[in-house]
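K.L.:
Got a predicted structure plus its sequence, pasted below:
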Amino acid sequence: MLISVVVAIYGVEKYLTKCLNSILSQHFNDYELILVDDGSKDNCPAICDDFAVRFKNIKVIHKQNGGIISARKEGLRLTKGEYIFFMDGDDYLREGFFDNIVVSIKQNMPDIVAFDYTIFNEEGKEIEIFRNPPLGLYNKNRLEKEIIPYVFSSKPFFSFKINMSVWSKMIRREIAFKAHSIIPNNINMGEAVAFSSACFLNASRLEIISNCKYMYRINSESITHKYNDRMIESTCSLFEYINKTIEKSNILNKTQIEDYFVYMTFLVIDNELRLNSQKYGSIKEKLEKYREKCYEMFKYYRFIGYPLKYSFSCKCLKYNLFFLLYIVYKVKTLLYSYKNSCVVKSLIL
């Protein structure tokens with residue numbers, strides 16, 4: 001069997017049927033489809049079971065909720081394909097998605113095939129096509145010079161030279177296994193970068209092809225759009241993982257690790273101050289805990305040369321200026337609310 005498709009599923013009953021039908025309707029059929037129900041509380045488990053009854057190439061795993069990493073690990077455990085493709089349950093594939101990917105695999109046998117994707121919104125409107133670096137086959141030498149030094153961040157600040165999403169590539173089975181085996185299960189933000197960077201470090205051949213038939217949904221109900229009460233724990237685990245494994249590589253540009261830490265720290269602060277409804281004392285305690293767990297990075301990094309909102313937020317956390325940071329966010333929230341109210345009034349009038 002050439003390809004194993006692994007779909008980790010949680011809370012996507014509105015989109016799951018379209019996702020699965022888009023896979024099953026492809027002309028290419030040398031694949032198995034593994035559905036991992038990560039303890040979903042909606043109708044996803046029943047949808048998975050219904051498809052498994054109707055299609056012999058589908059396997060279903062039902063497990064307690066443990067996060068995206070644990071779900072993918074469970075799916076990997078059942079795979080038999082030479083290559084692994086991870087897909088999100090709220091996305092879908094256009095007709096012919098597998099065609100030139102399979103050509104690449106059969107002709108050049110790369111460890112990773114990377115491709116583009118199309119972004120669309122809840123209304124189905126296509127917003128943007130993400131394009132990867134120059135097309136072609138990258139051997140180990142080109143990987144180490146042109147791709148790996150930019151896997152955590154590139155210029156301008158926090159842009160990526162190559163898409164790091166897990167679903168934007170087809171990966172040789174043994175490389176996917178090796179990468180996932182060392183990633184902690186409690187990482188739920190930044191897991192794609194952790195996984196993809198490990199894959200690139202272990203790969204000898206990468207082929208980048210033109211294929212924008214993966215349709216990525218901007219989902220307002222996803223983890224990135226609501227308060228994440230596990231984000232501090234997840235981010236601390238992420239950088240512990242990075243420092244213990246990936247940063248040991250002499251290929252990586254160490255500046256990009258700082259760039260990535262600055263970006264993720266801003267997300268932690270924004271998650272607590274903008275999305276957390278708890279009082280100041282509780283929020284302060286959580287941010288202090290984050291700073292303590294990442295003490296060495298706060299001690300070493302100076303947070304200079306970044307866009308203002310990133311450097312200001314990180315410096316406030318570094319130098320214990322919690323209240324200043326809190327007030328700035330409150331004022332920002334009030335101004336945003338005022339601006340929106342003015343827009344509404346102007347529309348009514």
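P.N.:
Cool, the structure landed.

K.L.:
Using the three-state scheme, assign Gly11.
P.N.:
For Gly11, the assignment made with DSSP: H, G, I helix; E, B strand; the rest coil gives coil.

K.L.:
What of Ile175?
P.N.:
Classified using three-state DSSP, Ile175 is helix.

K.L.:
what's near enough to touch it?
P.N.:
By C-beta atoms under 8 Å, 6 or more residues apart in numbering, Ile175 lies in contact with 111-112, 199, 202-203. Where C-beta positions appear, they are placed from N, C-alpha and C, glycine not excepted.

K.L.:
any chance of those residues in TSV, plus pLDDT, distance to Ser249 and neighbour count?
P.N.:
Converted to TSV, those look like this (pLDDT from 0 to 100; distance: C-beta to C-beta, whole Å; neighbours: other C-beta atoms under 10 Å):
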residue	pLDDT	distance to Ser249	neighbour count
Asp111	98	17	22
Ile112	98	17	25
Cys199	95	13	24
Asn202	93	10	16
Ala203	96	13	22
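
K.L.:
now those as CSV including distance to Asp50 and secondary structure?
P.N.:
Below are these laid out as CSV (distance: C-beta to C-beta, whole Å; DSSP: H, G, I helix; E, B strand; the rest coil):
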residue, distance to Asp50, secondary structure
Asp111, 35, coil
Ile112, 33, strand
Cys199, 33, helix
Asn202, 37, helix
Ala203, 37, coil
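
K.L.:
Relative to Phe298, which of these is nearest.
P.N.:
Lowest distance from Phe298 to the contacts of Ile175 (C-beta to C-beta) belongs to Cys199, with 29.1 Å.

K.L.:
you'd agree that closest one is up against Val113?
P.N.:
No: using C-beta atoms under 8 Å, Cys199 is not in contact with Val113; the gap is 11.4 Å.

K.L.:
Mind listing the shared neighbours of the two?
P.N.:
Lys169.

K.L.:
Any stretches of the stretch 101-250 of the chain with poor pLDDT?
P.N.:
Residues of the stretch 101-250 of the chain that meet the criterion pLDDT under 70 lie in 220-225, 246-248.

K.L.:
can you pull out the strands in it?
P.N.:
Secondary structure of the stretch 101-250 of the chain (DSSP state E, counting those that start in this stretch): strands at 112-114, 117-120, 126-130, 136-138, 169-172, 206-208, 214-217.

K.L.:
Flag every buried residue along the third one.
P.N.:
Yep, that's strand 126-130 we're talking about. Going by neighbour count (16 or more other C-beta atoms under 10 Å), the buried part of strand 126-130 is Phe130.

K.L.:
which strands and helices sit next to that strand?
P.N.:
Contact analysis of strand 126-130 by 3 or more C-beta pairs under 8 Å, 6 or more residues apart in numbering; DSSP states H and E lists strand 117-120 as its packing neighbours.

K.L.:
List the strands paired with the strand it packs on, with their directions.
P.N.:
Strand 117-120 has the following sheet partners, assigned by DSSP bridges: strand 126-130 (antiparallel), strand 214-217 (parallel).

K.L.:
ranges for the helices of the stretch 151-300 of the chain?
P.N.:
173-181, 191-202, 231-244, 254-270, 280-293, 295-300 (DSSP state H, counting those that start in this stretch).
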